[in-house]
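Undergrad: Pasted the sequence and its predicted model underneath.
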Amino acid sequence: MATIPTLSFSEHHGKFTQYLISHPLPSTADLFEVADFCAAFASVLVETHDATERNALCGRLLNALMHMERLCTNDLPAHLIDSLSAEEIPVSTMPDCWQETDIPVSYAIALTQALLGNNLPEPAANALTGLLHDLVYLLADYVKEPYIPHH
């Protein structure tokens, strides 16, 4: 019986981390794609313990969040509007006090900048990394929430 080689978690994690660090965010990426990139960076960041990789991931996440911030101020392209149109609006993943993207995106940018400063005690850096992860996932879900189009 043949054995099928598989990647261990650390091998898979390392290869995916290097892929994320080495591949630039496409200049043609739309809001949904940028949100997915942000979520991928945040997901890998929370599992990465190597300081060099963490800094690289933070830098990439910061770049993606700043791109998201710009995209959130632009009108959505038609293909995204069509995918968001709905007859009924589901309950939002975002708290009522953050119903505009500018506040949570600015919070995520600030958290990323704080982590990039490398001046935090390890327990604080770990807690803020977890908070950043959760906030980025909230944002990624929020920007994809359906809405009722105005006619």
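TA: Thanks, I have the structure now.
Undergrad: Go ahead and confirm Tyr142 touches Ser92.
TA: Yes - under the criterion of C-beta atoms under 8 Å, Tyr142 makes contact with Ser92 at 6.9 Å. Glycine gets a C-beta too; all of them are placed from N, C-alpha and C.
Undergrad: Pick out whichever of the two has more residues nearby.
TA: Neighbours around Tyr142 and Ser92, counted as other C-beta atoms under 10 Å, are more numerous at Tyr142. The numbers are 18 against 14.
Undergrad: give the contact list for the residue nearest to the more buried one when sequence neighbours are not counted.
TA: Leaving aside its chain neighbours, Tyr142 sits nearest to Met94 (4.4 Å; criterion: C-beta to C-beta, 6 or more residues apart in numbering). Under the criterion of C-beta atoms under 8 Å, 6 or more residues apart in numbering, the contact list for Met94 reads 104, 138-139, 142, 145.
Undergrad: who wins for neighbours among those?
TA: When the contacts of Met94 are compared by neighbour count (other C-beta under 10 Å), Leu139 ends up highest, at 25 neighbours.
Undergrad: Would you mind pointing out the helix or strand that one falls in?
TA: Taking DSSP states H and E as the definition, Leu139 sits inside helix 122-142.
Undergrad: Fine, thanks again, bye for now.
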